[in-house]
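Chemist: Make a model of this:
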Amino acid sequence: TKVTAYLPVSLSREIALNDTIIMNGRSYIINSMQINVNTGKTKFELLNKYNVNAIWGQVEQTWASITKEWNKI
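Modeler: Next up, the predicted model:
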């Protein structure tokens, strides 16, 4: 995901690659950023951040339902 934001200089100094940003309830990892120090305009390239435990829970639920249906056949 590519996003542009105007950030204050103080915040621009504190953020770094691999930091997590939360927008609209979704978590992203900063993959790259270009900061214009004159204007504060920052261009971000963000990667989706997933909760592996939550995804694994969904896989287990799906597998359990498949196993139950398989036993019926």
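Chemist: Now do the SS call for Ser12.
Modeler: Following DSSP: H, G, I helix; E, B strand; the rest coil, Ser12 is assigned to helix.
Chemist: Can you report how many residues lie near it?
Modeler: 16 (other CB atoms under 10 Å). For glycine as for every other residue, the C-beta is placed from the backbone atoms N, C-alpha and C.
Chemist: let's have the chain start at 581 instead
Modeler: Renumbered: residue one is now 581, and that last one reads Ser592.
Chemist: how far away is it from Ile602?
Modeler: 18 Å (CB to CB, to the nearest Å).
Chemist: How about Lys621?
Modeler: 21 Å.
Chemist: Comparing these two, which residue is more hemmed in?
Modeler: Lys621 (13 against 9).
Chemist: List the beta-bridge partners for that one.
Modeler: Here Lys621 sits in beta bridges with Tyr586, going by DSSP bridges.
Chemist: can you pull the pLDDT of it?
Modeler: Listed pLDDT for Lys621 reads 94.
Chemist: Could you verify my assumption that it touches Pro588?
Modeler: No. In this structure Lys621 lies outside contact range of Pro588 using CB atoms under 8 Å: 11.8 Å.
Chemist: which residues of the chain score low on pLDDT?
Modeler: Within the chain, the stretches with pLDDT under 70 are 631-638, 643, 645-653.
Chemist: so how far does stretch 585-600 reach from one end to the other?
Modeler: End-to-end distance for stretch 585-600, by CA to CA, to the nearest Å: 15 Å.
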